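J.: this one's sequence-less:
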């Protein structure tokens with residue numbers, strides 16, 4: 001299945017337009033290096049949690065919003081190859097020097113899809129989730145996620161993705177494990193649901209919450225108290241854009 005590089009980014013609210021422009025500039029470069037799709041979604045309906053939430057994940061400051069973002073690849077090998085190109089392309093260093101956010105608090109990692117239903121692109125709203133999943137219960141989690149994906153699609157979702165941690169490092173300042181206060185016996189799920197718009201999402205959730213068949217029974221394969229979620233407006237989405245022809249490797253200068 002598809003491989004995802006997932007990101008959570010703290011961005012000053014005043015830098016929204018600058019962030020969007022930087023992300024668009026970045027997209028034009030990374031598509032030529034192997035990224036199939038890039039999505040950047042801006043904080044819209046992100047609740048404050050008692051234990052964990054998107055803002056706590058990146059130690060967001062009062063003047064900052066959170067961006068939920070991902071790159072898509074056909075597999076990890078393509079992602080690894082693309083990251084090597086990133087490191088050797090001098091244009092990346094130039095873009096990196098002018099990022100309108102604190103990169104030290106950005107959270108990122110590689111995730112392997114276990115559920116991927118529907119077709120992305122076309123919508124302008126996204127629900128994002130980060131979930132601590134009990135190790136050894138990954139198949140139980142996949143089955144539950146598959147069931148929920150069917151319900152989301154039934155109520156109008158364009159695409160549902162659930163992906164498990166595959167290459168997620170422990171960072172010096174922030175990381176996905178700290179974000180959900182993961183325990184030693186837990187891994188991380190990075191998930192999202194794409195909707196046509198916020199109204200469609202809100203109406204769907206009202207129906208889902210009222211569906212008695214979806215009430216949890218028995219022991220869950222994840223910790224619901226430490227998972228977190230939020231709603232985001234898409235500000236960049238390269239789905240449907242023509243992929244640039246691969247460019248010749250840029251020479252690396254000493």
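T.: It's in. Since we're looking at a predicted model, the values are computed, not measured.

J.: element containing the residue nearest to residue 46 when sequence neighbours are not counted, please.
T.: For residue 46, ignoring the flanking residues on the chain, the nearest one in space by C-beta to C-beta, 6 or more residues apart in numbering is residue 230 at 3.5 Å. In this view, the C-beta of every residue, glycine as well, is placed from N, C-alpha and C. According to DSSP states H and E, residue 230 maps onto strand 228-237.

J.: what strands line up against that strand, and which way round?
T.: strand 37-45 (antiparallel), strand 125-134 (antiparallel) (DSSP bridges).

J.: in it, what's buried?
T.: In terms of neighbour count (16 or more other C-beta atoms under 10 Å), strand 228-237 has its buried residues at 228-232, 234-237.

J.: and that strand, how far out from the chain's middle?
T.: 9 Å (C-alpha atoms, centre = their mean, to the nearest Å).

J.: ok, residues contacting it?
T.: The contact list for strand 228-237 (C-beta atoms under 8 Å, 6 or more residues apart in numbering) reads 16, 19-20, 23-24, 27, 37-47, 49, 52-54, 56-57, 66-68, 120-121, 123-130, 179-180, 198, 201.

J.: just to revisit the earlier point, tell me which of the strands paired with strand 228-237 sits nearest to residue 116.
T.: Smallest distance to residue 116 across the strands paired with strand 228-237 (C-beta to C-beta): 12.2 Å, for strand 37-45.

J.: okay, buried residues for that closest one please.
T.: Those would be 37-44, for strand 37-45 by 16+ other C-beta under 10 Å.

J.: same question, stretch 110-124
T.: 110-117, 120, 123-124.

J.: got these as TSV, with pLDDT columns?
T.: Shown next, in TSV, are these (pLDDT from 0 to 100):
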residue	pLDDT
110	98
111	98
112	98
113	98
114	98
115	98
116	98
117	97
120	86
123	94
124	96
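
J.: looking at those, spot the one nearest residue 169.
T.: For the buried residues of stretch 110-124, the nearest to residue 169 is residue 110 (9.2 Å; C-beta to C-beta).

J.: let's verify residue 70: helix, strand, or coil?
T.: strand (DSSP: H, G, I helix; E, B strand; the rest coil).

J.: quick one: it and residue 192 touch, right?
T.: Yes: with contact defined as C-beta atoms under 8 Å, residue 70 reaches residue 192; the gap is 7.3 Å.

J.: find residues that contact each of those two.
T.: What both residue 70 and residue 192 touch, as defined by C-beta under 8 Å, 6+ apart, is an empty set.

J.: so residue 191 bridges to which residues?
T.: residue 129, residue 162.

J.: is the residue nearest to residue 13 when sequence neighbours are not counted in a helix, a strand, or coil?
T.: Nearest in space to residue 13, with sequence neighbours left out and distances taken as C-beta to C-beta, 6+ apart, is residue 65 at 5.0 Å. When classified by three-state DSSP, residue 65 comes out as strand.

J.: check contacts around residue 65.
T.: Residue 65 sits next to 10-13, 16, 42-43 when contact means C-beta under 8 Å, 6+ apart.

J.: can you report phi and psi for residue 216?
T.: phi -70, psi 140 (degrees, to the nearest 10).

J.: and what of residue 77?
T.: phi -60, psi -40.

J.: next: residue 50.
T.: Per degrees, to the nearest 10, the backbone of residue 50 is at phi -70, psi -40.

J.: how close does it get to residue 181?
T.: Remark: distance between residue 50 and residue 181 (C-beta to C-beta, to the nearest Å) = 12 Å.

J.: who has more neighbours, the two?
T.: residue 181 (14 against 6; other C-beta atoms under 10 Å).

J.: residue 198 and residue 125 touch, don't they?
T.: Yes: using C-beta under 8 Å, residue 198 is in contact with residue 125, at 4.8 Å.
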